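In: This is the structure alone, sequence omitted:
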């Protein structure tokens, strides 16, 4: 998920070598490049491919960042097992207590980036590419600052984009010279350069003066605050939405990974943590969805 105005920046940083697609996938890609945004049925009609083949092609193109859809329903359908989806052409029939997910609900499909032959042209202007990457790096650097408040090398270990700390460091030193951010030593136990937003420094000082409240917070392991194994000793917890971490006063106590309870703070009794991680404070009626 991204802000639309940052699309070109993320595509620049996520650029991959040209993918060799199958002939059917290339046909779907070419059809979208020539015709613009199309509904699933229109793609089937214009390519004259089987619906299952078009679905497979869209899944491959979406996975490599070439196409997008009008809604989340397209991605949801691609991730849902076949037996749990509505059959093709069956999306309008009433049903009770049955899955209605279908790629036909996705709205229009369109290109997210240029056609590969243009996108990875050998004649691309190197100076322009360098400028685009520099602008994209600044967007990424500022995004990390807004997300974490304080940024340092180890933060990059959970980022998927192929960006080095050397590249980011140049951006942060430039921002520091402008007076937009602060450089210094803000977090104990972290070596190397650290850069922070001015307001983050004030928040850190205020938090240090607060008394522990004993409040417990449960976060999904997919949350950016899952820095277990990066800022803390021990193994990491995979960034999967079903995995969870239990915190108390900013200290990780236990985790839930693949249905198993992990002891993160040396506690002897994990029974209370298991209930908190698996059920939390949800009403009984909502627990089956959790």
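Out: Happy to help now that I have it. Just so we're clear, the structure is a prediction, and the values are computed from it rather than from any experiment. Numbers count the residues shown, from 1 in each chain.

In: Now do the contacts for residue 110.
Out: 32, 36, 37, 38, 67, 68, 69 (CB atoms under 8 Å, 6 or more residues apart in numbering). All C-beta spots, glycine's among them, are computed from the backbone N, C-alpha and C.

In: Am I right that the first one falls within a helix?
Out: By that I understand residue 32. Yes - the assignment for residue 32 by DSSP: H, G, I helix; E, B strand; the rest coil puts it in a helix.

In: can you count the residues close to it?
Out: Per other CB atoms under 10 Å, the neighbour tally for residue 32 reads 24.

In: Over to the fifth one?
Out: The number of residues packed around residue 67, counting by other CB under 10 Å, is 22.

In: Thought residue 61 was touching it, still the case?
Out: Yes - using CB atoms under 8 Å, residue 67 makes contact with residue 61 at a distance of 4.3 Å.

In: Find residues that contact each of the two.
Out: In contact with both residue 67 and residue 61: residue 29, using CB under 8 Å, 6+ apart.

In: the strands in the chain, which residues?
Out: 38-39, 67-69, 108-111, 150-152, 182-184, 194-196, 216-220, 244-248, 251-257, 260-263 (DSSP state E).

In: Could you save the ones you listed as CSV and add columns showing distance to residue 50 and mean pLDDT?
Out: Converted to CSV, the strands of the chain look like this (distance: least, CB to CB, whole Å; pLDDT from 0 to 100):
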stretch, distance to residue 50, mean pLDDT
strand 38-39, 17, 94
strand 67-69, 18, 90
strand 108-111, 16, 92
strand 150-152, 48, 95
strand 182-184, 58, 94
strand 194-196, 53, 96
strand 216-220, 37, 87
strand 244-248, 41, 89
strand 251-257, 39, 89
strand 260-263, 42, 87
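
In: Of the contacts of residue 110, just say which sits nearest to residue 7.
Out: Of all the contacts of residue 110, residue 68 has the smallest distance to residue 7: 9.5 Å, by CB to CB.

In: Please identify the deepest-packed of the strands of the chain.
Out: Highest mean neighbour count of the strands of the chain: strand 150-152, a mean of 24 (counted as mean count of other CB atoms under 10 Å).

In: what are the phi and psi angles of the nearest residue to residue 158 once chain neighbours are set aside?
Out: Spatial nearest neighbour of residue 158, excluding adjacent residues (CB to CB, 6 or more residues apart in numbering): residue 230 at 6.4 Å. Here is the backbone geometry of residue 230 (degrees, to the nearest 10): phi -110, psi -50.

In: Check whether residue 230 really touches residue 153, as I assumed.
Out: No - applying CB under 8 Å as the test, residue 230 and residue 153 come out as separate, 10.5 Å apart.

In: More neighbours: which of these two?
Out: Each of residue 230 and residue 153 has its neighbours counted (other CB under 10 Å); residue 153 has more, 16 against 13.

In: Quickly note the distance from that one to residue 33.
Out: 40 Å (CB to CB, to the nearest Å).

In: repeat for residue 49
Out: 16 Å.

In: ok, these two, which is more surrounded?
Out: Set side by side, residue 49 and residue 33 show more neighbours around residue 49, with 19 against 16, by other CB under 10 Å.

In: in terms of contact, does the more buried one touch residue 31 like I think?
Out: No - the criterion here is CB under 8 Å, and residue 49 misses it with residue 31 at 9.5 Å.

In: what number of residues lie near residue 189?
Out: Each residue near residue 189 was counted by other CB under 10 Å, and the total is 7.

In: Next, the contact list for residue 9, please.
Out: 135, 136, 139, 140.

In: Kindly report the same for residue 162.
Out: Residue 162 makes contacts with 13, 14, as judged by CB under 8 Å, 6+ apart.

In: residues making contact with stretch 234-253?
Out: So stretch 234-253 is in contact with 158, 207, 212-222, 226, 228-230, 232, 254-258, 262, 264-265, 267, 273, 276-277, going by CB under 8 Å, 6+ apart.

In: start to end distance for it?
Out: End-to-end distance of stretch 234-253 (CA to CA, to the nearest Å): 12 Å.

In: go on, stretch 65-75?
Out: This stretch, stretch 65-75, spans 12 Å end to end (CA to CA).

In: Does anything pack onto the biggest helix by length in the chain? Which helices or strands?
Out: Criterion DSSP state H: the longest helix present in the chain is helix 126-148. Counting by 3 or more CB pairs under 8 Å, 6 or more residues apart in numbering; DSSP states H and E, the packing neighbours recorded for helix 126-148 are helix 7-13, strand 150-152, helix 165-178.
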